[in-house]
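Trainee: Pasting the sequence and the predicted coordinates here, then a few questions.
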Amino acid sequence: MIEIIPGDPASFMLGINAEPDTVHALKKELGLDVSKFERYYNWITGMFIGDFGVSYTYRVPVSELVMARIGVSVPLALYAIFLSTLIAIPIGIFSASNHGSFKDWSFMGFTQLGIAIPNFWFAMVLVLIFSIYLKWFSAGGIPGWDKGFLINLKALTLPAFALALPQASILARIMRSALIETLSQDYFRTARASGLTFFQAVEKHAFRNALIPVLTIIGLQFSFLIAGAIIIENVFFLPGIGRLIFQGIIQRDLIVVESVVMLLVFSVIIVNFLVDMAYLYVDPRLRVKK
Amino acid sequence: MKILKPLLTILLTGMLLSPLYAEKNSVVIGMQLEPPNLDPTGGAAAAIDEVVYSNVYEGLTRFRADGSVTPGLAKSWTVSEDGLVYTFKLQENVKFHNGNDFDASDVKFSIDRARDENSTNAQKGLFKSISSVDVVNSSVVKITLSNPNGGFIRNLAWGDAIILDPETVDSAASEPNGTGPFKFSKWIKGDRVELVKNNDYWGEAIYLEKASFKFISDPTAAFAALMAGDVDAFPVYPAPETLAQFEADPNFNVIVGSTEGETILSTNNKSEKLKDVRIRKAIAHAINRQAIVDGAMFGFGTPIGTHFAPHHPDYVDLTSQSNYDPEKSKALLSEAGASAGLTLSLKLPPPSYARRGGEIIASQLREVGIETKIENLEWAQWLEQVFKGKDYDLTIVSHTEPMDIGIYGNPNYYFQYDSQEFRNLMDALNLETNNQERSKILQNAQKLIADDYVNGYLFQLAKTGVANSKLIGLWENSPTQANDLTGVSWSN
Amino acid sequence: MKFPISFILGFFLSLIFFVITMISFFWVPYDVETLNIANRLKEPSFENLLGTDHFGRDIFSMIMIGGQTSLSVALIAVGLGLIFGVPLGLISASLRGSLIDDIIMRGNDLIFAFPSLVIAILITAVFGPSALNAIIAIGIFNIPVFARVTRGAAISIWTLDFISSARIAGKGSFRISLEHILPNILNLLIVQGSIQFSLGILAEAGLSYVGLGVQPPTPSWGRMLADSQTMISFAPNLALFPGITIILAVLGLNLLGDGTRDLIDPRSQDKIK
């Protein structure tokens, strides 16, 4: 499908002063002189043996490019999920326990705001405040994992926060309504009546039940965070998967684009599977079903 | 949940305490585009030369900051009476970074490879006049031309003419192995290239121990990276609107120099709507160059009236020939029978000079009654539609190759200017070796393309760079696209 | 009847947004297609309520006209989702458990599995950037959303008694879907529609931020942000106001959607007191 995009990588690489026979020579070197169908067939068959092919522009195996980028994208996505959960769960519990109060209203107002803020705009504002004025964090980039853990974590903090805000808002709202649902159940009332404090009752009984919808959302978010970080990766010049695919499209390095898209689709399936497994852990009732 | 709090405290304090050193013998250079590979003989991307030229790779001759050409790997040379035979005496005791010796056979290999039929060199034209390359002995090379070429020594200074080690040529794209003062260290794709000092360098020792090139495509991110100190210099800085802010800040130096980039409103001369010279002339008079320089480049750039760099001694100022005169423009349009409704496509590549300049030009053309349909394209789309397909009326591009007026002699070039008169001038130029005669021909060529209103000539792109004010020795101008770090050091 | 606060707030925000956009079809303070470089980067004043941009255009006028872009792109994208998604969902529900239902639902999952922004960028890489392609890119991802919501709601109605009586009266699946199911899930679709509408505005802003939406000189909020972000440190109004506009518009529609849901189904608003 992607091979039909107009434009070819050879002319992109050689620029506007290249002579036609040079372009042709390069196409031959890159294996672009065969038909589109043949190229596609080669790529598909190659993928079955774990060979994604060689990037047209970088001239290194695609798998090598992807592996390097995963080292940025996956930690970033995990960090963002960690932050969003960290923000969302207390807010969700607090709002649900103060359900209907002014505090609940104002927290929910904030989450509405969090959903409505375009994350690239929020990222810009974060950079302006924390990098340019306060100089607490660097404006972007990542030093590399060989330089130590904390320094990288620090570099990922602003982008992870920019990604986490809308996710946290959604999560907090879901957490709240899921909790409200369980708080009205009889067993919760019984637990309260048996002398447990509100928070003990939440921790012991309501929390687990509310976790199911929350887990679903986290699962959905993970794949979104891997691919959806394109813009954020651009703002913070992080060499992640999103940037790789964006550059691939711009430079017509289609073999990279095809491979990464397939990889993303595959990862969505895996994550969904993992979320299903997590349900079983959270809710033992689902285990005995079969 | 209980261990979460102390854990977080440790993490946060750790993050805030982790120091950000700036070691004084290393430098981080920001670049907007990442090179697709690191072999300047296998791609046209300016970004390749911007990393490796003069740092990792060297040629027989080389450009200096002022645009002059000085000896490189060739110590000296002589030219035969008829201008056809060049004999180069090479530097001795030069080693490639992998330890291999450099000698005359490497020169023969590299130049023959570049001019080979199957070569993927983007500037094959540089080697066109060569008929043979011969090794005289290990330190002397003889190059024979088929016809005299006054610019030959200059051609050899281009990044496309650097000397490679035949043994490592296959890995040149990802692991460059040259003779320069820096050795390639590593390339983290999508992020940065790192170079380290070559302690066995044959020439003058350099100051820096380490140099990194960091790729930041987003102009806002480039601004933030400089302000936050993540990069020490951004020699081709993409956001001219913020330069005033850097100028006011004592921590930064703004370096304004010239480039070889003639920024033009390229016009499809074969388009039905534009083949009438009066219409092209009308467009030229409808354009207010100063407003474009101010609006798109925030004042950085020199208006030009033809396709030639103003800092070149042979430049002729022809801006008054196409001065801003909307009334004249309207008159020309009605004379050409196009006063009522002319709609032109305006396809714009990504750089901000094109995107912003395009919006300004669209507004200026509307004043004289020409409507435009703007389409913002990525480079790949632009190459396909405009450059190859010639499916456009107007576009804006900066032609950054030095001395590239010759492109007007190619009737199949994307602006499709077909003039026998111009081709005759170029043929004469190639055969002429007398400098005075050459400059006369060049001036006539400039006048001819101005008289024919081939394109709308807008402005010479300025090189606007920003650097930490303690960093010295960066190139001010861009005689070729390079970040020569050999003379760069930190002052205290 | 007591209106929830979210409904009232959302209603008024959406109304303001809508009215201003409508006015812009007939009148704006300044022409936004004529540039006036000499008048650029002016701070907010009585002449230019929100100041002027780097080309000397009036930001307030640009935001007004930019509303047209956001409104139309998001509206048509939601329309696309409704036109294709709702029938798919109804078919799926009426044939629940069958192979066709399975195919439709797995097709949905497949679309969901593709990263939307990447596909949007690919679409524009093939067809070139334009408002139409932005609509298609956003619209495609609305289809599975509506299909899923429709199916879920429709299935619960299929189990109700009055459907069985309609069955007995001899009505076919098609007529039941159209005459009984659809009217009963309309509320839900309106709520989902307003949420997708606000997401569409965000998506349009994101696409034109990366340069894939409507082309200049037509103003769009996302491109206003992209064009001005390098100037945020010395002319913050250029990026601030379009950003706030996007937030308010999205906020308004979200609140309206939530409020409507509370209004229709008070159970979801306060279950315990």
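Mentor: Cool, the structure landed.
Trainee: Could you use CA atoms for every contact and neighbour count after this?
Mentor: Noted.
Trainee: Show me where chain B dips below the pLDDT cut-off.
Mentor: Residue ranges of chain B with pLDDT under 70: B:1-23, B:44, B:339-340.
Trainee: List, one by one, the residues from it near chain C.
Mentor: Residues of chain B found near chain C (CA under 8 Å from any CA of the partner chain) are B:219-220, B:223, B:239, B:241-242, B:245, B:291, B:294-295, B:359-360, B:363, B:374-377, B:381.
Trainee: List buried residues within the residues you listed.
Mentor: With neighbours counted using 16 or more other CA atoms under 10 Å in any protein chain shown, those contain these buried positions: B:219-220, B:223, B:239, B:241-242, B:291, B:294-295, B:359-360, B:363, B:374-377, B:381.
Trainee: Tell me which residue of chain B lies closest to chain C.
Mentor: residue B:220 (4.7 Å; CA to the nearest CA).
Trainee: before we move on, back to that, chain A next: which of the buried ones among the residues of chain B next to chain C are close?
Mentor: B:220, B:381.
Trainee: In strands, which of the buried ones among the residues of chain B next to chain C fall?
Mentor: Residues of those located in strands (DSSP state E): B:374-376.
Trainee: Among those residues, which one sits closest to chain A?
Mentor: Nearest to chain A out of these is residue B:376 (CA to the nearest CA; 13.0 Å).
Trainee: just checking, residue B:458 is part of a strand?
Mentor: Yes. Residue B:458: assigned to a strand according to DSSP: H, G, I helix; E, B strand; the rest coil.
Trainee: what sits against the closest residue to it other than its chain neighbours?
Mentor: Among residues not flanking residue B:458 along the chain, residue B:264 sits closest, at 5.1 Å (CA to CA, 6 or more residues apart in numbering or on different chains). By CA atoms under 8 Å, 6 or more residues apart in numbering or on different chains, residue B:264 lies in contact with B:307, B:396-399, B:455-459.
Trainee: Any regions of the stretch 1-150 of chain C where pLDDT drops low?
Mentor: Residue ranges of the stretch 1-150 of chain C with pLDDT under 70: C:1-2.
Trainee: residue in it nearest to chain A?
Mentor: For the stretch 1-150 of chain C, CA to the nearest CA, closest residue to chain A: residue C:126, 4.9 Å.
Trainee: Quick check: which element contains that residue?
Mentor: helix C:116-127 (DSSP states H and E).
Trainee: List the buried residues for that helix?
Mentor: C:116-126.
Trainee: do stretch B:403-417 as well
Mentor: B:403-405, B:407-410, B:413-417.
Trainee: cool, stretch A:121-130 as well?
Mentor: Per 16+ other CA under 10 Å, stretch A:121-130 contains these buried residues: A:121-128, A:130.
Trainee: Could you export these as TSV, including secondary structure?
Mentor: As requested, those are exported to TSV (three-state DSSP):
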residue	secondary structure
A:121	helix
A:122	helix
A:123	helix
A:124	helix
A:125	helix
A:126	helix
A:127	helix
A:128	helix
A:130	helix
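Trainee: May I see these arranged in CSV, with pLDDT and distance to chain B as well?
Mentor: Listed next are the buried residues of stretch A:121-130 as CSV, based on pLDDT from 0 to 100; distance: CA to the nearest CA, whole Å:
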residue, pLDDT, distance to chain B
A:121, 88, 12
A:122, 90, 13
A:123, 88, 11
A:124, 84, 8
A:125, 86, 11
A:126, 88, 11
A:127, 85, 7
A:128, 83, 8
A:130, 87, 9
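Trainee: which one of those residues sits closest to residue A:175?
Mentor: When these are compared for distance to residue A:175 (CA to CA), residue A:122 wins out at 23.5 Å.
Trainee: That closest one touches residue A:162, doesn't it?
Mentor: Yes. Taking CA atoms under 8 Å as the definition, residue A:122 is a contact partner of residue A:162 at 6.3 Å.
Trainee: what's near enough to touch the nearest residue to residue B:348 once chain neighbours are set aside?
Mentor: Counting by CA to CA, 6+ apart, residue B:376 is the residue found nearest to residue B:348 once chain neighbours are left out, at 4.8 Å. Residues in contact with residue B:376 (CA under 8 Å, 6+ apart) are B:347-350, B:355, C:129, C:211, C:215.
Trainee: How about the secondary structure of residue B:425?
Mentor: helix.
Trainee: Would you check how far apart it and residue B:129 are?
Mentor: Plainly put, residue B:425 is 18 Å away from residue B:129 if you go by CA to CA, to the nearest Å.
Trainee: got it, and residue B:297?
Mentor: 39 Å.
Trainee: again, but for residue B:190
Mentor: From residue B:190 to residue B:129 the distance is 38 Å (CA to CA).
Trainee: Is there a neighbour count for the spatially closest residue to residue B:216 that is not a sequence neighbour? I'd like the number.
Mentor: Leaving aside its sequence neighbours, residue B:216 sits nearest to residue B:32 (CA to CA, 6+ apart; 5.0 Å). Using other CA atoms under 10 Å in any protein chain shown, residue B:32 has 20 neighbouring residues.
Trainee: List of residues touching stretch A:58-72?
Mentor: A:51-55, A:238-241, A:244, A:255-256, A:259-260, B:36-37, B:173-174, B:188-189.
Trainee: swap that for stretch C:252-260, sorry
Mentor: A:112, C:3-14, C:190-192, C:194-195, C:197-198.
Trainee: do stretch C:86-99 as well
Mentor: C:100-102, C:104-105, C:143, C:146-152, C:154-155, C:158, C:173, C:177.
Trainee: Out of the contacts of stretch C:252-260, which end up buried?
Mentor: For the contacts of stretch C:252-260, buried by 16+ other CA under 10 Å: A:112, C:4, C:6-11, C:13-14, C:191-192, C:194-195, C:197-198.
Trainee: For the stretch 51-200 of chain A, list the residues in contact with chain C, please.
Mentor: Going by CA under 8 Å from any CA, the residues of the stretch 51-200 of chain A near chain C are A:99-100, A:112-113, A:115-118, A:120-121, A:124, A:128, A:180-181, A:184.
Trainee: where along the chain do the helices fall?
Mentor: In the absence of a named chain, chain A is used. A:9-14, A:20-30, A:36-48, A:62-97, A:102-116, A:119-126, A:149-183, A:186-193, A:198-201, A:207-227, A:230-235, A:241-250, A:254-282, A:285-288 (DSSP state H).
Trainee: Wait, chain B was what I had in mind.
Mentor: B:4-17, B:46-52, B:104-115, B:152-155, B:219-227, B:243-247, B:277-286, B:289-297, B:326-335, B:352-367, B:379-382, B:420-431, B:435-451.
Trainee: Report the buried residues of the longest one.
Mentor: By neighbour count, with 16+ other CA under 10 Å as the criterion, the buried positions of helix B:435-451 are B:438-439, B:441-442, B:445-450.
Trainee: which non-adjacent residue is nearest residue B:83?
Mentor: Closest residue in space to residue B:83, ignoring its immediate chain neighbours: residue B:148 at 5.2 Å, by CA to CA, 6+ apart.
Trainee: Correct me if wrong: the one you found contacts residue B:80.
Mentor: No. Residue B:148 is beyond contact range of residue B:80, at 10.2 Å (criterion: CA under 8 Å).
Trainee: okay, those two: which has more neighbours?
Mentor: Taking neighbours as other CA under 10 Å, residue B:148 and residue B:80 compare with residue B:148 leading, 18 against 10.
Trainee: That one and residue A:282, how far apart?
Mentor: 83 Å.
Trainee: From the chain's centroid, how far away is the longest strand along chain B?
Mentor: Assignment by DSSP E gives strand B:252-267 as the longest strand of chain B. Strand B:252-267 has its C-alpha centroid displaced from the chain centroid by 10 Å (CA atoms, centre = their mean, to the nearest Å).
Trainee: any idea of the angle that strand forms with helix B:219-227?
Mentor: With axes from the mean of the first three to the mean of the last three CA atoms, to 10 degrees applied, the angle from strand B:252-267 to helix B:219-227 works out at 160 degrees.
Trainee: need the contact list for the nearest residue to residue B:320 once chain neighbours are set aside.
Mentor: Sequence neighbours aside, residue B:305 is the residue nearest to residue B:320 in space, at 7.4 Å (criterion: CA to CA, 6+ apart). By CA under 8 Å, 6+ apart, the contact list for residue B:305 reads B:317-322, B:450, B:457-458.
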